[in-house]
Structures are given as C-alpha cells and as structure tokens.
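S.K.: coordinates only, no sequence provided:
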C-alpha cells in the first residue's frame, strides 16, 4: 500500500476559450493551470475537478487526453505527467422537500461516463454549462441516478449555512433519504468550518468516512484542506475502495483548517458584524435588531447534535489542523515564492521543513510563526458571517 495526498473539490473558473464555468471564481482556474498548480506547487497526488459535468470543461479534458497530456488509468481516473491523478467530478445542487438546497459531489471513472451522465442530467438542469446548477430534484433521486453510474457520491460541506444538508435542509440525514440511499453515499465532506470532533457529535454520521477538501475557487486555495488515503495506486477504483474502507484501503489522516478560521464557524450579524453566541439560535441581532443572521456551523452542530462530546468510531483517522501558508502572518507572495523555490512544494513547507531550515530562507520571526501554526499554538480570531478567521501575531 502507498499513501497519497488527496483534494477532491476544485472548481474550474473558465474553459480554455475563456467562457465562464463557475461564477464567481478566478479566471486562472483553467483545467491546465489546476493540474500544474496541484502537481508542481501544492504536492497533491490525486485531485477532483468538480465541474466536469459542463460540456465546456469536458471538451478541454478530452483535448488534453487526445494530446497525450492526460492518460486514462486501467482503474479509472487520468494521470497527468506521471505526477497527479485527476478524477472527473460534478457538484450538483438538489432541492429538498424541507425547502432547503444542498450540494453533492459526484465522481466518475472516465470522460465517456461523465459525458453520458451530463447528457442525462441536462434533462433536469437548465444550464448544464455552468457549475453547481440546481438539478430540480431531491438528493434521494440524485443518489439513485448517480448510483446507476457506479459513482463516488459525497454530500458537500454538510454543515455550512448555505446549500448544505445539515446547514440548510434537515436535522437528520434519514429524514430526507432512505437507508438504501444513505448506504449508496460513499463519504461526507466536512467543510472548512467543521472538523471531526464537531461532526462526531452526530451519531448517524459514524458509518461514513469524512473527507476534507479545499473547495478551491482560486489556484492558491487548492489543498488548503486535504486528506491522505492508503491504496495500491492513485486511480478512481482505489479511491472508491479507500473512501468505502474496503480491501484494506482507507483514509489515514484528515488535514483541515482549524474550524475557528472558517468563514462560517460562528453565528454572525451581516449588518453590524457582531458575532452572536447563544444556546438558542437567534433570529434577530441583539445589538442592531437586524434579521440578517448567518448561523454558524458550531452553533448549528450544537443545536442538532445527539452527544455533548464527540464519539469517534474505530475507523475514524486522526484529524490534524493545518494552517495554509496564506494565513501565516508575514507570508506574502514574495515570501511564498522563496519557500517554494527552496523546498519545492507547500506540502514540504508545511510538514517537512524544520524551523532552522525555514529560518535560513524567511528569517527567524516568520519561521517561528509557521512552526507555531504547525503545532496548533497560534492565537486565532474566529471567523463567521462569510469572513475568514485570522491568526494573531506572536
């Protein structure tokens, strides 16, 4: 078995002809740029592009396959420059009977299967060319369709207040899907404002593997969260086995933001920016009276949890707080370039380089900040209401 760094939630901004796929995102997010960034700068070994449902993206992908830049693996997925594997995926919005909307990630083994799936879903999605569009169906119907294609199926950022299962649709998964449909789910994605310790307060999530992905809307955000799998090779089928914990494969570690840095961690008033803490989810702001309240993930989980403390199943791997380099005080563009030039990839900087090695490149003060973040010793101003948290200088 080998270990692989994985980030399965990366968006495409525009196609190679400059047509928008995902709004709003960076125009630098082309398929080619994503592959280069993930392989050469981030050090990822398996990635998922979640806009391959769009014919605009599929055309780019098939051109790269025809040119030999992408090579289909026997176990599914495409190898790029023998450095990173691409899984074609889609993020699809469902409308639940409760009135809420939720996003779900679907991954398929090859472009032909994705094209067939795209053509089928175009009956339900009004603009199949644009990412994350409403499929005008509930999750249970989407699961039944995707399972017919033998897809990897992962509900996305399940606690965030906008377009997620627990954040916007339901208190319990089994209120909106059957046992059969729940069993067809491969894993669930935690999102940037939650971690294993928060999610494992909800007992019905115990059977599922947890994935931590970046949900990148720009190149620099790739791999801000990721996970490690143990598998025989970096291919679609092996990823499916790892997420399903079959044949000795599995997830060995989750790496994510400290959820206090997530932009939806705490409940917040959008008018006066006050963070609101209460045992009861407030409907109006006690400071300015506004009803524009964005409920935080921490408070939402506390509201629906059936355990005061996390109860981790035996299969749950360790969760490590990873602070992306962009959050480190003093690490700007020039400093980042120095680090990458010296250490190769962000994974090497974040996990491997010693404080002494870092100090020789970026100075003792910034090196100390980076090591403190690695050890979880940095002070944090919590995020909420759509604004990321931040580290405080030591």
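M.R.: Sure, I can see it. Here the structure is a predicted model, which is why all the values come from computation and not from measurement.
S.K.: residue 193 versus residue 266, what's the distance?
M.R.: For residue 266, the distance to residue 193 equals 9 Å [Cβ to Cβ, to the nearest Å]. C-beta coordinates here come from the backbone N, C-alpha and C atoms, glycine included.
S.K.: tally up the residues packed near residue 291, please.
M.R.: A count of nearby residues for residue 291, using other Cβ atoms under 10 Å, gives 11.
S.K.: on that earlier part again, tell me, what's touching residue 266 and residue 193 both at once?
M.R.: 296, 298, 383 (Cβ atoms under 8 Å, 6 or more residues apart in numbering).
S.K.: output those residues as JSON lines; include the columns secondary structure and distance to residue 224.
M.R.: Formatted as JSON lines, the shared contacts of residue 266 and residue 193 follow (DSSP: H, G, I helix; E, B strand; the rest coil; distance: Cβ to Cβ, whole Å):
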{"residue": "296", "secondary structure": "coil", "distance to residue 224": "19"}
{"residue": "298", "secondary structure": "helix", "distance to residue 224": "19"}
{"residue": "383", "secondary structure": "coil", "distance to residue 224": "13"}
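S.K.: from those residues, which is closest to residue 251?
M.R.: The closest of those to residue 251 turns out to be residue 298 (Cβ to Cβ; 23.5 Å).
S.K.: give me the nearest residue to the closest one, chain neighbours excluded.
M.R.: The shortest distance from residue 298 to any non-neighbouring residue, by Cβ to Cβ, 6 or more residues apart in numbering, is to residue 265 (5.6 Å).
S.K.: identify the residues contacting that neighbour.
M.R.: Residue 265 neighbours (Cβ under 8 Å, 6+ apart): 193, 259, 296-298, 382-384, 389.
S.K.: quote the end-to-end distance of stretch 135-143.
M.R.: 12 Å (Cα to Cα, to the nearest Å).
S.K.: I'd like the average pLDDT over that stretch.
M.R.: Mean pLDDT, stretch 135-143: 98.
S.K.: list the residues that contact the residue lying closest to residue 390 once chain neighbours are set aside.
M.R.: Spatially, and ignoring its direct neighbours in sequence, residue 390 is nearest to residue 381 (5.1 Å; Cβ to Cβ, 6+ apart). By Cβ under 8 Å, 6+ apart, the residues touching residue 381 are 389-392.
S.K.: now residue 207
M.R.: residue 313.
S.K.: and for residue 145, the neighbour number?
M.R.: 18.
S.K.: show me where pLDDT drops low in the stretch 251-394 of the chain?
M.R.: 278-280, 394 (pLDDT under 70).
S.K.: now the helices for it?
M.R.: In the stretch 251-394 of the chain, the helices defined using DSSP state H, counting those that start in this stretch lie at 297-304, 333-343, 346-347, 355-362, 364-374.
S.K.: quick one: which of the ones you listed is nearest residue 31?
M.R.: Nearest to residue 31, of the helices of the stretch 251-394 of the chain and by Cβ to Cβ, is helix 346-347 at 20.3 Å.
S.K.: that older thread, of residue 266 and residue 193, who's got more company?
M.R.: residue 193 (31 against 24).
S.K.: show the contacting residues for the more buried one.
M.R.: Per Cβ under 8 Å, 6+ apart, neighbours of residue 193: 159-160, 257, 259, 262-265, 296-298, 383.
S.K.: gap between it and residue 260?
M.R.: 9 Å.
S.K.: find residues that contact each of those two.
M.R.: Common neighbours of residue 193 and residue 260 (Cβ under 8 Å, 6+ apart) are residue 383.
S.K.: where along the stretch 101-250 of the chain do the helices fall?
M.R.: 111-121, 139-147, 179-184, 196-199, 236-244.
S.K.: redo the ones you listed as JSON lines? Include distance to residue 206.
M.R.: JSON lines is the format used below for these (distance: least, Cβ to Cβ, whole Å):
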{"stretch": "helix 111-121", "distance to residue 206": "30"}
{"stretch": "helix 139-147", "distance to residue 206": "19"}
{"stretch": "helix 179-184", "distance to residue 206": "12"}
{"stretch": "helix 196-199", "distance to residue 206": "10"}
{"stretch": "helix 236-244", "distance to residue 206": "15"}
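S.K.: closest one to residue 313 among those?
M.R.: Between the helices of the stretch 101-250 of the chain, helix 196-199 lies closest to residue 313; by Cβ to Cβ that is 10.4 Å.
S.K.: circling back to that earlier point, and the helices of the stretch 101-250 of the chain, which is most packed in?
M.R.: helix 236-244 (a mean of 24; mean count of other Cβ atoms under 10 Å).
S.K.: and the angle from that helix to helix 111-121?
M.R.: In terms of direction (axes from the mean of the first three to the mean of the last three Cα atoms, to 10 degrees), helix 236-244 departs from helix 111-121 by 70 degrees.
S.K.: now for residue 92: which residues touch it?
M.R.: So residue 92 contacts 53, 103-104, 106, 121, 125, 132-133, 135, 142 (Cβ under 8 Å, 6+ apart).
S.K.: try residue 325
M.R.: 331, 336, 339, 346, 349-350, 370.
S.K.: can you pick the most crowded of those residues?
M.R.: Top of the contacts of residue 325 by neighbour count (other Cβ under 10 Å): residue 370, with 26 neighbours.
S.K.: apart from its neighbours in sequence, what residue is nearest that one?
M.R.: residue 328 (5.4 Å).
S.K.: also residue 109?
M.R.: Nearest non-adjacent residue to residue 109, counting by Cβ to Cβ, 6+ apart: residue 76, 2.9 Å away.
S.K.: ok, and the closest non-adjacent residue to residue 266?
M.R.: residue 384 (3.6 Å).
S.K.: same deal with residue 208?
M.R.: Closest to residue 208 by Cβ to Cβ, 6+ apart is residue 188, at 4.9 Å.
S.K.: so the one you found versus residue 159, what's the distance?
M.R.: In terms of Cβ to Cβ, residue 188 sits 10 Å off from residue 159.
S.K.: same question, residue 12
M.R.: Following Cβ to Cβ, the distance that separates residue 12 from residue 159 is 25 Å.
S.K.: so those two - more neighbours on which side?
M.R.: residue 159 (30 against 24).
S.K.: for that one, what are its contacts?
M.R.: Counting by Cβ under 8 Å, 6+ apart, residue 159 has contacts 166-167, 190-191, 193-194, 198-199, 297, 300-301.
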